[in-house]
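> please find the sequence and the predicted model below.
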Amino acid sequence: MMRNIDINEAIDNNPFGRFQWTVVALCALLLIVDGYDVFVAGTVLPTLITEWGLTKPQAGALQAWALFGMMFGALIFGTLADKIGRKKGIAISFLLFTVATLLTGFANTPEQFKIFRFIAGLGCGGLMPNTVALMNEYAPKRLRGTMVAIMFSGYSVGGMVAAGLGIGLIPQYGWKPMFLIAALPLVMLPVILWKLPESLGFLIRQGQQEKAKRIYEKLSPSTRLAESDRLAFSEVKGASASVAELFRHQRMLSTLMLWVSFFCCLLLVYLLSSWLPKVLQEAGYAEKASLLSLFSLNFGGMVGAITGGRLGDRFGLPKVVVGFFIAATLSIALIGFNLPTGLLFLMVFIAGATTIGTQILLYASVAQLYNLSVRSTGLGWASGVGRIGAIVGPTLGGVLLAQQMPLQQNFLIFAIPAAISTLAMLVFTVANARRTSAVLVAAA
């Protein structure tokens with residue numbers, strides 16, 4: 001007798017097992033490398049300004065090239081993975097940014113640096129939406145926010161590694177070894193291709209039942225499937241992977257508000273990660289202390305992501321994101337008030353928790369808003385719009401800092417995007433609640 005087995009129900013009802021923890025671990029490792037690649041730029045920026053005689057606006061534009069690449073990477077690889085599979089999308093993105101980061105270590109001019117950073121950005125931008133989509137699929141609904149946050153905390157760990165290595169390497173060996181180290185993660189690629197599973201939903205949509213069954217039996221080792229059994233995904237009969245689909249089914253306002261939040265949040269993440277060490281050096285802090293601020297920012301991001309994920313599973317992600325953005329507004333504004341060192345690093349920690357950490361919660365929010373057939377597309381476009389903010393962040397920081405305004409005034413301006421994000425997520429929370437109610441009424 002043939003059985004139709006719903007994968008969603010099976011994942012939600014079974015314990016979170018070893019196979020799923022393997023997915024978490026592999027995706028977290030990928031994001032450690034990704035986070036290192038992103039935050040290494042902030043550690044070397046003060047050295048590049050001195051070595052190449054850059055103005056602050058020029059330095060901000062130099063940083064923006066990688067972020068420009070990330071925008072295109074998120075749009076291209078997010079949509080492409082809905083057609084070729086998450087695993088291939090992840091592998092291509094990973095290979096692209098690790099090789100390009102390695103080549104950045106051989107750059108001798110700002111022009112060469114820009115080209116390699118743009119290519120690296122393409123890969124980084126493609127990796128994020130695909131790892132989030134894959135993890136979101138393999139996590140049960142009751143743990144989805146927590147698991148995505150744990151996985152994505154690897155991004156912050158990568159930033160801490162970049163700051164830690166920068167403290168030890170840059171004063172003695174200069175900035176180039178910070179990029180040459182990128183050759184080491186390439187040994188991970190065979191392991192990724194071997195151990196990382198493909199999306200079950202993608203396999204089912206492609207009619208690859210035998211491959212899907214082998215993965216399902218790893219998810220549920222006590223289950224043995226008969227040849228006549230068929231796996232099904234309750235979301236498979238969705239629309240094709242098109243951008244227009246993101247605005248259907250009463251999702252227009254929710255989609256737009258998420259895009260506004262992504263734009264402002266990534267603007268803050270890359271503004272702070274690019275300029276915080278340099279700003280603190282100019283404020284009188286030693287080089288190691290300024291790089292330590294980047295470590296504190298990313299440590300806060302890791303703690304904020306995991307804490308926010310757990311709170312989101314309990315109270316709902318939109319409410320937690322609103323609260324985090326309020327805290328981000330206050331902490332960023334306070335950084336410029338000539339605080340004692342201990343209190344300064346506490347504010348930086350909170351700013352990291354509520355910007356880097358909230359970025360991760362926004363990815364989880366997008367993954368929960370869209371069904372499987374357009375999930376990578378939704379994540380890719382939200383991330384792509386966010387990358388515009390990421391490009392604006394370092395560039396805006398360079399322009400503002402070149403005006404030589406008081407430190408307090410700069411950070412009050414930096415806090416404005418966090419306030420805008422707060423309002424956008426309040427609107428999203430209301431719009432999403434109304435949409436959910438309308439769906440329930442229609443179903444009844």
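Noted; the coordinates are in hand. Numbers count the residues shown, from 1 in each chain.
> L334: neighbour count?
Using other C-beta atoms under 10 Å, L334 has 19 other residues around it. For every residue, glycine as well, the C-beta is placed using N, CA and C.
> is it in a helix, a strand, or coil?
Recorded secondary structure, L334: helix (DSSP: H, G, I helix; E, B strand; the rest coil).
> state the distance from it to F299.
18 Å (C-beta to C-beta, to the nearest Å).
> distance from the chain centre to the helix or strand hosting G158, please.
Using DSSP states H and E, G158 maps to helix 144-173. Centroid separation between helix 144-173 and its chain, computed with C-alpha atoms, centre = their mean, to the nearest Å, is 12 Å.
> may I see the buried residues of that helix?
144-167, 169-170 (16 or more other C-beta atoms under 10 Å).
> so what does R230 have for phi and psi?
phi -130, psi 130 (degrees, to the nearest 10).
> and the pLDDT at the closest residue to it other than its chain neighbours?
When the adjacent residues along the chain are set aside, R230 lies closest to N4, with 5.4 Å between them (C-beta to C-beta, 6 or more residues apart in numbering). Looking at N4, its pLDDT is 80.
> N4 and G384, how far apart?
On the measure of C-beta to C-beta, N4 and G384 end up 36 Å apart.
> which of the two has more neighbours?
G384 (22 against 8).
> ok but the more buried one is inside a helix, no?
Yes. G384 forms part of a helix when assessed by three-state DSSP.
> list the contacts for it?
When contacts are counted by C-beta atoms under 8 Å, 6 or more residues apart in numbering, G384 touches 71-72, 74-75, 78, 125.
> between these, which has the most around it?
The residue in the contacts of G384 with the most neighbours, by other C-beta under 10 Å, is G125 (32 neighbours).
> quick check: chain neighbours aside, which residue is closest to it?
G73 (2.7 Å).
> backbone torsions only: list them for the one you found.
phi -60, psi -40.
> for stretch 351-359, what is the distance to the chain centroid?
The mean C-alpha position of stretch 351-359 is separated from the chain mean by 11 Å, C-alpha atoms, centre = their mean.
> what's in contact with it?
149, 155-156, 159, 262, 265-266, 268-269, 272, 296-305, 307-308, 321, 324-325, 327-328, 331-332, 335, 386, 418, 421.
> can you show me the strands along this structure?
4-6, 230-232 (DSSP state E).
> direction included, what does the first one pair against?
Here the strand partners of strand 4-6, with direction, are listed using DSSP bridges: strand 230-232 (parallel).
> and the partner strand, what's buried?
Applying 16+ other C-beta under 10 Å to strand 230-232 flags 231-232 as buried.
> these two touch, right, Y155 and I306?
No. Using C-beta atoms under 8 Å, Y155 is not in contact with I306, being 11.9 Å away.
> OK, contacts around G105?
176-180, 182.
> correction: L330
Neighbours of L330 in contact, by C-beta under 8 Å, 6+ apart: A415.
> where's it relative to L426, distance?
Taken as C-beta to C-beta, the span from L330 to L426 is 16 Å.
> from the contacts of G384, pick the one nearest A232.
Of all the contacts of G384, G78 has the smallest distance to A232: 24.7 Å, by C-beta to C-beta.
> how about the nearest residue to the closest one, chain neighbours excluded?
G380 (1.7 Å).
> just V148 next, same as before
A364 is the one closest to V148 (C-beta to C-beta, 6+ apart), at 4.5 Å.
> so what's the residue count around that neighbour?
29.
> what of the one 4 residues further on?
Q368 has 18 neighbours, counted by other C-beta under 10 Å.
> does it touch R144 like I think?
Yes. With contact defined as C-beta under 8 Å, Q368 counts as touching R144 (6.9 Å).
> what sits against L334?
347, 411.
> quick one: it and T307, what's the gap?
Where T307 is concerned, L334 sits at a distance of 20 Å (C-beta to C-beta).
> mind listing what L268 touches?
Neighbours of L268 in contact, by C-beta under 8 Å, 6+ apart: 328, 332, 355, 393, 414, 417-418.
> try 10 Å this time
By C-beta atoms under 10 Å, 6 or more residues apart in numbering, the residues touching L268 are 325, 328-329, 332, 351, 354-356, 358-359, 389-390, 393, 414-418, 421.
> can you tell me how far the closest residue to S93 other than its chain neighbours is from G89?
Take S93 and drop its neighbours on the chain: the residue closest to it by C-beta to C-beta, 6+ apart is G126, 3.5 Å away. Note on G126: its distance to G89, by C-beta to C-beta, is 6 Å.
> touching both of the two, which residues are there?
76-81, 380.
> now the chain, which segments are flagged as low pLDDT?
Within the chain, the stretches with pLDDT under 70 are 1-2, 234-241, 285-287, 439-444.
> longest helix anywhere in it?
For the chain, the helix that runs over the most residues, judged by DSSP state H, is helix 18-52.
> isn't V366 up against I360?
No. Counting by C-beta atoms under 10 Å, I360 is not a contact partner of V366; they are 11.0 Å apart.
> shared neighbours of those two, which are they?
In contact with both V366 and I360: V132, using C-beta under 10 Å, 6+ apart.
> follow-up on the earlier one: make JSON lines from the shared contacts of G126 and G89 and add distance to P15 to it.
Listed next are those as JSON lines, based on distance: C-beta to C-beta, whole Å:
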{"residue": "I76", "distance to P15": "37"}
{"residue": "F77", "distance to P15": "32"}
{"residue": "G78", "distance to P15": "31"}
{"residue": "T79", "distance to P15": "34"}
{"residue": "L80", "distance to P15": "33"}
{"residue": "A81", "distance to P15": "28"}
{"residue": "G380", "distance to P15": "31"}
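> which residues are common contacts for Y155 and I306?
Between them, Y155 and I306 share the contacting residues 357, 360, judged by C-beta under 10 Å, 6+ apart.
> quick one, phi psi at D229?
phi -70, psi 150.
> equivalent analysis for Q403, please.
phi -80, psi -10.
> spit out the contact partners of it.
With C-beta under 10 Å, 6+ apart, Q403 has these contacts: 56, 409-410.
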